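Peer 1: mind folding the following:
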Amino acid sequence: MTAGGPPPVTVINDKDDHPDWTAAAHNAHDPAMGCLTVDPSPANGAPAALAHDILYALGKRLPQGGETYGTWADSQRPAWDAACAWLLAHHIGHLIVCRTDRLTHTRFRQLLTLRERSGIRLTLLWHRPVSPALTTLLDETPHHIIGTLPHARVALEQTEHPPADIPSPEQHRHSGPAPCQDDGQWITPRAPLDGVVVDRLARTPCQGAPAGTPGSAPPSLHGDDFTARDVLATRLTTVAHPLHAAALTIHAITAADIDRLALIRAIDIDENAATVKVHDSTTHRRCRLYPLPTWTRPLIRAALIHSQLKDRAPDSPLFPLITAQDGEQLTLTATGIRYAIGPIRQEDAVRLHQAALTGALPRP
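Peer 2: Residues are numbered from 1 along each chain as shown. A predicted model of the protein is given here:
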């Protein structure tokens, strides 16, 4: 977040609704440089529709295909928590929103609340003459209004400088999963990576993950199966809920089952999101430390940020809701990206594949 609070809101007044102004806003969209442009969908009447638009602009895809599958996304607070966590995890410092003159008062206030929670620079395109309605919406909110296209282009190109420990944009681009051809096939778990065993003395509490990694970050998820690794990595980056994305990522790296995922705490991930500690059981006798590949870190970091937004204690479970009821929610999310948690029988694979072909399951 910005020290001393977020920058004042910038209102770009495109009073004649000229396409050049919207084009300039779209051209400024560059998440790798910390700038995100959102063009709200006027046809989406869901209460959390604007949060959905932000998630889609970030490359996330909402769950679908079941009665309980998208419950969290249908509720305002969970959807906005997810959007805020991803903005912070991806180091988005500038959010540009088009067509704000068409937003309801409620959605406008949601944007201002997001600005306060995340500390982002917020730029709003208002495509009609300034009215008392706009003045009322921005009452008591620091802001300034720009009315010329050259000045608007300058404002739209502003980016917030990331902290010194954040990779450069070029490094950021190469840290993600490599481009790959996804044939839509199911991916099943392979042999887990080797972790470093951490012994615990009797009658001493189980400590969190120490700073640093227990070894070099692994080059792949599943040995030499680079295609499966890259496809799964790409699919995981589209998962909309930070906790779901992080839990499935940890499962892919460590093969931890639902019971062990339920034991992971925020303190079991080091401050750089480079190491995760997976507990053997509630006895914590031989827990293991696993190095996390670079591409996983935004996903893991988003879960930690989400936990902070919810004011959860660092030593409390990180995934309490999605590991409940034998991980039903997590299994549904995994189904949406065609990733099978745990061994899958041949007959189940055939059944799931047929369901996907008939449209009963969403394609990733």
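Peer 1: just give the number of residues close to residue 11.
Peer 2: Residue 11 is surrounded by 21 other residues when neighbours are defined as other CB atoms under 10 Å. (Each C-beta comes from the backbone N, C-alpha and C, glycine too.)
Peer 1: 42 is where my numbering starts, stick with that
Peer 2: Sounds good: first residue 42 from here, last item residue 52.
Peer 1: contacting residues around it?
Peer 2: Contacts were defined as CB atoms under 8 Å, 6 or more residues apart in numbering; by that measure residue 52 touches 164-165, 167, 171, 175, 179, 184-187.
Peer 1: quick check: the farthest pair among those?
Peer 2: 164 and 171 (15.5 Å; CB to CB).
Peer 1: tell me which of the contacts of residue 52 fall in helices.
Peer 2: The subset of these located in helices under the criterion DSSP state H comprises residue 175.
Peer 1: from the contacts of residue 52, which would you call buried?
Peer 2: Neighbour-count burial within the contacts of residue 52 applies to 164-165, 167, 175, 179, 184, 187; the criterion is 16 or more other CB atoms under 10 Å.
Peer 1: the residue nearest to residue 51 when sequence neighbours are not counted: what's it in contact with?
Peer 2: Computed as CB to CB, 6 or more residues apart in numbering, the closest residue to residue 51 that is not its neighbour in sequence is residue 164, at 4.3 Å. For residue 164, the residues meeting the contact criterion (CB under 8 Å, 6+ apart) are 50-53, 66, 135-138, 196-197.
Peer 1: tell me where the stretch 142-291 of the chain has strands.
Peer 2: Counting by DSSP state E, counting those that start in this stretch, the stretch 142-291 of the chain has strands at residues 162-167, 184-187, 237-240.
Peer 1: so what strands line up beside the first one?
Peer 2: When sheet partners are counted by DSSP bridges, strand 162-167 sits next to strand 50-54 (parallel), strand 135-138 (parallel).
Peer 1: same check on the second one?
Peer 2: Strand 184-187 has these partner strands in its sheet, going by DSSP bridges: strand 50-54 (parallel).
Peer 1: name the next helix or strand downstream of the strand it pairs with, please.
Peer 2: Helices and strands here follow DSSP states H and E; after strand 50-54, the next one along the chain is helix 60-68.
Peer 1: average pLDDT across that next one?
Peer 2: Looking at helix 60-68 alone, the average pLDDT works out to 96.
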